[in-house]
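# Please work out how this folds:
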Amino acid sequence: MSSTQLAVPGDTVDHQVGRIRITLQYVREGAYTVTVYQGTHRVEDNCGSYTSEAEARLVARGYAQMYRAEQQPPANPLHALAAQGRHRQIRPTLAGAHLAAPSDPAQRVLRAAHAAGGTIARSKAATVVQLQALARKGLVTLNYQSGTGRRRVVESATLTERGRKAVA
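Sure thing, here's the model as predicted:
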């Protein structure tokens with residue numbers, strides 16, 4: 001929107017966003033209108049009268065930003081797929097156990113993984129339940145056995161950056 005004052009009745013300020021045209025008009029003292037057109041069609045729901053120029057400009061600017069945001073291209077689906085790799089692999093619990101600090105046995109598993117170079121295999125010392133609990137907390141990433149079809153069998157776990165900080 002232009003920053004010039006509207007002083008003479010009939011003065012207008014137009015703003016174009018794609019096919020949308022937003023017109024701010026000075027009608028008379030204490031009367032301003034904002035009119036929104038989509039092509040040649042007047043969008044009645046977005047038209048209105050206002051008593052101050054500042055208020056009318058604010059409304060017109062808001063409509064311009066709204067329509068500009070609607071015309072933004074959709075997010076790249078490849079970025080959305082890449083972001084999925086940053087999420088936890090195991091669902092958080094309703095009781096909030098994923099927010100609690102790791103237990104002593106879980107700390108031992110983390111220290112063993114750290115000592116082994118960042119990865120620990122599933123064993124008696126690092127059970128599936130412990131590895132899943134650590135994954136739920138975001139401290140490890142689970143590695144699954146290949147060739148098991150749709151069944152996901154945990155083979156090992158790799159420390160995440162958060163897990164490395166928890167050990168240190």
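# do you know how far Lys137 is from Ala101?
Distance check for Lys137 against Ala101: by CB to CB, to the nearest Å, it reads 9 Å. Every residue, glycine included, has its C-beta placed from N, CA and C.
# who has more neighbours, those two?
Neighbours per residue, other CB atoms under 10 Å: of Lys137 and Ala101, the larger number sits with Lys137, 22 against 8.
# Thr12 - nearest residue in space that isn't next to it in sequence?
What sits nearest to Thr12 in space, not counting adjacent residues and going by CB to CB, 6 or more residues apart in numbering, is Gln25, at 4.6 Å.
# for the protein, longest helix please?
Once the chain is assigned using DSSP state H, the helix that runs over the most residues is helix 53-70.
# could you measure the residue nearest to Thr12 against Arg61, distance?
Taken as CB to CB, the span from Gln25 to Arg61 is 15 Å.
# Which one's more surrounded, those two?
Neighbours of Gln25 and Arg61, each counted by other CB under 10 Å, are more numerous for Gln25; the result is 19 against 15.
# tell me which element that one is part of?
Per DSSP states H and E: Gln25 is located in strand 20-28.
# tell me the average confidence for that strand?
The predicted model gives strand 20-28 an average pLDDT of 91.
# Name every sheet partner of it and say whether each one runs parallel or antiparallel.
strand 12-17 (antiparallel), strand 31-38 (antiparallel) (DSSP bridges).
# for the ones you listed, which one ends up most surrounded?
With neighbours defined by mean count of other CB atoms under 10 Å, none of the strands paired with strand 20-28 is more surrounded on average than strand 31-38, at a mean of 19.
# quick check: angle from it to helix 53-70?
Using axes from the mean of the first three to the mean of the last three CA atoms, to 10 degrees, the inter-axis angle of strand 31-38 relative to helix 53-70 is 10 degrees.
# just to revisit the earlier point, of the strands paired with strand 20-28, which shows the lowest average pLDDT?
strand 12-17 (a mean of 88).
# how distant is it from the center of its chain?
In terms of CA atoms, centre = their mean, to the nearest Å, the centre of strand 12-17 is set 31 Å apart from its chain centre.
# Touching that strand from outside, list them.
Strand 12-17 is touched from outside by 1-2, 4, 6, 21-26, 60, 64, 67-68, 71, with contacts defined as CB atoms under 8 Å, 6 or more residues apart in numbering.
# Of those, keep whichever come out buried.
With burial judged by 16 or more other CB atoms under 10 Å, the buried subset of the contacts of strand 12-17 is Leu6, Arg21, Ile22, Thr23, Leu24, Gln25, Tyr26, Ala60, Ala64, Tyr67.
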